[in-house]
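Colleague: Pasted the sequence and its predicted model underneath.
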Amino acid sequence: MNEPIFHYYGNKAGVEGADQVKQVIDDATRGSEYYKRQQEKRQQVLQKVNKMQMELDNYKKNELKMKETKEFIQNKVKEFQINTDRIWAHFDMDMFYVACELLDKPELKDKPVAVGQSIISTANYVARKYGVRSAMPGFVAKKLCPDLIFIPCHFEKYRSVSNIFMTILKKYDENLESMGLDEANLDLTEYINNSQEDPAILCENIRKDIFLATQLTASCGVGPNKMIAKLASEINKPNGLHIVEQTPLAVLNFLEKLPIRKIPGIGNITEQILSGLNFNICKDVRDRADELYVIFTPKTFEYIFYSCWGVSRNYHVEFEDQHSISCQRTFSSISTQREFEDKIDYIAEILAEEMQSEEKVGNHLTLIIKTSKFEIRSKSLQLNQYTNQSKQIAIYGKQLLKIMQLDEPIRLLGLKMSSLANEKQIQKQSISTYFKRQIDKSSGQENLVPSIKGSKSHQISDENDSINKIQLPQQDQSKPDILSDDEASSISNQILSGVNSKSHQSQQQQQQYQQKQQAQPKSFRCPICNKEIDCKGNNTVLNKHIDRCITQQNVIVEQSDESNRNYSGSKNKVPSKIESKAQKSLNFFKK
DNA sequence: GGGTCCCAACGCC
DNA sequence: TTCCAGGCGTTGGGACCC
């Protein structure tokens, strides 16, 4: 029962004496809620392993199926090729955050230093010898290394050093893919084909350039694809270079005895599952791929299988837009409704600010909480309009809170907005919609079909909830599709009061529409400049005004787009936050 | 039975 | 002294709909 639950892996460069470290960590954390939660998770993993083992046992009893599966795998092995046409390099700055800090505090060079406070971001190699590592809580790190010196994060500093690092690398591959501030993958094929330089000499020179420019060291790995290059960069860390020759045999030899845990994408849990089934090194997967095929889903199987054979992506993928923006905060446990709502207001404020600064709007909101027992829950809501306004986000967030029926203390609350769109584009579309409707009106035809997102219903996943699948009333099509506070408030009240039957709803829509028709004003407020226009019932006057406004607005939008383009062009030297975030994705290594 | 949505789980830095 | 983060991504199972 007292089996250590903290799955410590000493595979980070510089960590030694894993057993002692494991014991200290375990002693420091035993009895905490976190510890209990980890124990539960460990049990779940063990159950999963048992279930998989039973599946495997059944599979092995069925000789025919076993024969078929083995043949299938053999054919699969014959089908693929380890492509060694391209030359990739992975550069990784050594202990990046700490290294940046030590530039300003060279007197700490030989002392154990960590960046971060409650959680360690990075530790130097002196601290790593004590077992201190990234993502470790500060108090545990202090137990392991009482003399540990903590330095708070200074991201501006890291970003500026990172810019220099990336600028140097972009000379060799301007499309380089960065994963965070301190790592980048380069496809050196073209550069080497043109220059005929030896990859080892080239990469050593690049490392020297990085050191000259930043006074910091970087490690590098070279191989025929991104995954191999990344794995190779770990071999001679810190301040080293490792090259995997461009032949299939070299790749296979390099991977043969490599622990599966090293494969990017295989984390703590997957490692536990695999090791529970006696898959420990890549060779195990190659030798018993049929077993892996039986117990894992096709996608997971393919990923692990191909990775262990050294097959991974060896070309750049197109940049994808950011999918979500979120904000979450941890705090001392809170338990009252009032406190929950205050937190939502606070988080919504930060989220809205972030969205506005990135000129994004979104229409899918998720509330995430972590209970004081470290259990994570989430609920989401499909909005029928885009928003990036804090008050609206908070209103929807509070609805999600009600749906969640929280009845225990929480230690974290977060809001995530997804289904993102560009704020200006949405405004532009709204204007076009408005303009189209004016034309339809003047021709006597009312267009009731929502042109942007009107057909989508609110959906709330909890099927037992009475407010499920509510079709919210369509908004007045003559307004931009970004909700006002009053509208959001009205919608939220309808959610709560259960105005959700379709017939009721369509009646209500009809009534609203009739009311609007009856109340058709002789003057009109322009949706673009917001001025009151006395059109005296004459659409031509109104249309002319709007036409002028739209032209002006479009010029502004176009100018802004243009300036954005120019910015993104010139910022090649500075990887944007979005770029680095998107490129961090696990998909990075996949085909 | 396929498509879609929700959400928990997992992984990365 | 501090008592396990934050922000992003993907995958897969379950439920529901057509």
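Modeller: Thanks, I have it.
Colleague: Give me the domain ranges for chain A.
Modeller: Using automatic domain parsing, the domain parsing of chain A gives A:88-111+A:147-246, A:324-420, A:428-520.
Colleague: Identify each buried residue in stretch A:192-204, please.
Modeller: For stretch A:192-204, a neighbour-count test (16 or more other CB atoms under 10 Å) marks A:192, A:199, A:202-203 as buried. Yep, even glycine has a C-beta here, placed from its N, CA and C like the rest.
Colleague: low-scoring pLDDT stretches of the stretch 1-150 of chain A, where are they?
Modeller: Residue ranges of the stretch 1-150 of chain A with pLDDT under 70: A:1-18.
Colleague: again, only this time at 50
Modeller: Filtered on pLDDT under 50, the stretch 1-150 of chain A yields the residue ranges A:1-15.
Colleague: quick one on the thing from earlier: which of the buried residues of stretch A:192-204 fall in helices?
Modeller: Counting by DSSP state H, the buried residues of stretch A:192-204 place A:192, A:199, A:202-203 in helices.
Colleague: Name the nearest of those relative to DNA strand B.
Modeller: Proximity of those to DNA strand B was ranked by CB to the nearest atom of the strand; the top entry is A:C203 with 18.9 Å.
Colleague: which residues does the nearest residue to A:N175 once chain neighbours are set aside contact?
Modeller: Distances taken as CB to CB, 6 or more residues apart in numbering place A:H316 nearest to A:N175, at 5.1 Å, with adjacent residues excluded. Taking CB atoms under 8 Å, 6 or more residues apart in numbering, we find A:H316 in contact with A:175, A:177, A:187.
Colleague: Isn't the last one up against A:Y315?
Modeller: If I follow you right, that is A:D187. Yes - look at A:D187 against A:Y315 with CB atoms under 8 Å: they come within range, at 7.4 Å.
Colleague: Start from the N-terminal end of the stretch 251-400 of chain A and give the helices.
Modeller: Remark: helices assigned in the stretch 251-400 of chain A by DSSP state H, counting those that start in this stretch are A:268-276, A:282-287, A:289-295, A:298-308, A:337-357, A:390-404.
Colleague: pretty sure A:Y125 contacts A:M95?
Modeller: Yes - with contact defined as CB under 8 Å, A:Y125 counts as touching A:M95 (6.7 Å).
Colleague: what about these two, which has more around it?
Modeller: Using other CB atoms under 10 Å, the more surrounded residue of A:Y125 and A:M95 is A:M95, with 27 against 16.
Colleague: tell me which residues in stretch A:325-332 are buried?
Modeller: A:325, A:327.
Colleague: related to what we said a few turns ago, can you lay out the ones in helices among the buried residues of stretch A:192-204 as TSV showing pLDDT and distance to A:I73?
Modeller: Below are those laid out as TSV (pLDDT from 0 to 100; distance: CB to CB, whole Å):
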residue	pLDDT	distance to A:I73
A:I192	98	35
A:P199	97	33
A:L202	98	38
A:C203	98	36
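Colleague: from these, which are also near DNA strand C?
Modeller: Contacts with DNA strand C within these, counted by CB under 7 Å from any atom of the strand: none were found.
Colleague: from these, which single one is nearest A:C145?
Modeller: Checking these against A:C145 with CB to CB, the nearest one is A:C203 at 33.5 Å.
Colleague: Can you tell me the closest non-neighbouring residue to the closest one?
Modeller: A:C203 sits nearest to A:C220 (CB to CB, 6+ apart), 4.8 Å away.
Colleague: where does the one you found land in three-state SS?
Modeller: The three-state label given to A:C220 by DSSP: H, G, I helix; E, B strand; the rest coil is strand.
Colleague: is it in a bridge, and if so with what?
Modeller: Judged by DSSP bridges, the bridge partners of A:C220 are A:F91, A:L241.
Colleague: Could you check the pLDDT of it?
Modeller: pLDDT recorded at A:C220 is 97.
Colleague: hang on, A:H364 packs against A:L381?
Modeller: Yes - in this structure, A:H364 is within contact of A:L381 by CB under 8 Å, at 7.3 Å.
Colleague: What strand or helix carries A:D173?
Modeller: For A:D173, there is no host helix or strand (DSSP states H and E).
Colleague: before we move on, the earlier item: by neighbours, which of the contacts of A:H316 wins?
Modeller: That'd be A:E177 among the contacts of A:H316, by other CB under 10 Å, with 24 neighbours.
Colleague: Quick check: closest non-adjacent residue to A:L367.
Modeller: Leaving out its chain neighbours, the residue that sits closest to A:L367 by CB to CB, 6+ apart is A:L400, at 3.8 Å.
Colleague: ok, the one you found - how many residues close by?
Modeller: Residues lying near A:L400 (other CB under 10 Å) number 20.
Colleague: Need the buried residues of stretch A:192-204 in CSV (columns: distance to A:D57).
Modeller: As requested, those are arranged in CSV below (distance: CB to CB, whole Å):
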residue, distance to A:D57
A:I192, 50
A:P199, 47
A:L202, 52
A:C203, 48
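Colleague: Please report how far A:K391 lies from DNA strand C.
Modeller: From A:K391 across to DNA strand C, the span is 20 Å (CB to the nearest atom of the strand, to the nearest Å).
Colleague: would you list every one of the strands in chain A?
Modeller: A:88-93, A:113-116, A:120-123, A:149-151, A:177-178, A:183-187, A:218-223, A:241-243, A:324-334, A:360-371, A:376-387, A:410-422, A:523-525, A:532-534 (DSSP state E).
Colleague: May I see those organised as CSV, with distance to DNA strand B added?
Modeller: What follows is the strands of chain A, written out as CSV (distance: least, CB to the nearest atom of the strand, whole Å):
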stretch, distance to DNA strand B
strand A:88-93, 8
strand A:113-116, 12
strand A:120-123, 9
strand A:149-151, 18
strand A:177-178, 9
strand A:183-187, 6
strand A:218-223, 12
strand A:241-243, 16
strand A:324-334, 11
strand A:360-371, 6
strand A:376-387, 3
strand A:410-422, 9
strand A:523-525, 34
strand A:532-534, 38
